[in-house]
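>>> Let me see the structure of the following:
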Amino acid sequence: MTGKTDEAWLKEGISGYEKRIARYVPFESIILPDFKRTASLPAEKIKAKEGEKILTYLKSDDYVIVLDEHGKTYNTIEFSSFLQAVMASSKKRLVFIIGGAWGVHSAVKARADHQLSLSKLTFSHQLVRLLFAEQLYRSLSVIAGDPYHHE
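Here you go, the predicted model:
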C-alpha cells in the first residue's frame, strides 16, 4: 500500500480487521510512504515511482494480487475458494497490492499473478484498505468454517 491513512476511523477499522486476520494467517501490512514534492509530476510519473518501490518488496516466489478496478470480481464464497486455492499453492507469500491515489503502475500489474476488483464503483485508496481488510477477514472465516458469513 502506498501513502498513510489519514482518518482515525479508517485506521481503527483497518487495525481491527488486521488483528482478526492475524488469528487465521500470518499477516503483515506494509505501507510505503508518500513521495515528497510530487505536486508538479504527472500521475503516470508518480505511479512509476510508486511501482518501482513496490517491486523492490516482491520476491520471485510471491503470489501477487493487485487490487484494480479492472480486475476480476467475486462474491464472498467465490473469493474464499480462490483464496484457499492460492494459499494451497507452492507460493511462499500471498501479497496483495493496493496502489496510491493514481492506481497501480503497469509494471506492477505485469508482475502480478492476478488482478482483483472489489467493485465497479470508485473508492479512495484509503477506503479500499478498510473494505479489503474486511473482505479478507470474511473470506478467511469462511475458509475456516467460522459462522461469520451468512448465506
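>>> helices or strands next to the helix or strand that Tyr63 is a member of in the packing?
In this assignment (DSSP states H and E), Tyr63 forms part of strand 62-72. Contact analysis of strand 62-72 by 3 or more Cβ pairs under 8 Å, 6 or more residues apart in numbering; DSSP states H and E lists strand 93-98, helix 106-111, strand 114-116 as its packing neighbours. (C-beta placed from N, C-alpha, C; glycine too.)
>>> C-alpha coordinates for the next helix or strand after the last one, PDB please?
In other words, strand 114-116. Heading C-terminal from strand 114-116, the first helix or strand you meet, by DSSP H and E, is helix 125-144. Backbone C-alpha positions of helix 125-144 (Å, rounded to 0.1, in the frame of the first residue of the first chain) are rendered in PDB as follows:
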ATOM      1  CA  HIS A 125      -7.300   4.000  -1.900                       C
ATOM      2  CA  GLN A 126      -7.700   4.600   1.900                       C
ATOM      3  CA  LEU A 127     -11.200   3.300   1.900                       C
ATOM      4  CA  VAL A 128     -10.200   0.300  -0.200                       C
ATOM      5  CA  ARG A 129      -7.800  -0.600   2.600                       C
ATOM      6  CA  LEU A 130     -10.700  -1.000   5.000                       C
ATOM      7  CA  LEU A 131     -13.000  -2.700   2.500                       C
ATOM      8  CA  PHE A 132     -10.400  -5.200   1.500                       C
ATOM      9  CA  ALA A 133      -9.300  -5.900   5.100                       C
ATOM     10  CA  GLU A 134     -13.000  -6.700   5.900                       C
ATOM     11  CA  GLN A 135     -13.300  -9.000   2.900                       C
ATOM     12  CA  LEU A 136     -10.100 -10.800   3.500                       C
ATOM     13  CA  TYR A 137     -11.200 -11.400   7.100                       C
ATOM     14  CA  ARG A 138     -14.600 -12.600   5.900                       C
ATOM     15  CA  SER A 139     -13.100 -14.900   3.400                       C
ATOM     16  CA  LEU A 140     -10.600 -16.400   5.900                       C
ATOM     17  CA  SER A 141     -13.500 -17.000   8.300                       C
ATOM     18  CA  VAL A 142     -15.400 -18.800   5.500                       C
ATOM     19  CA  ILE A 143     -12.400 -21.000   4.800                       C
ATOM     20  CA  ALA A 144     -12.100 -21.800   8.500                       C
END
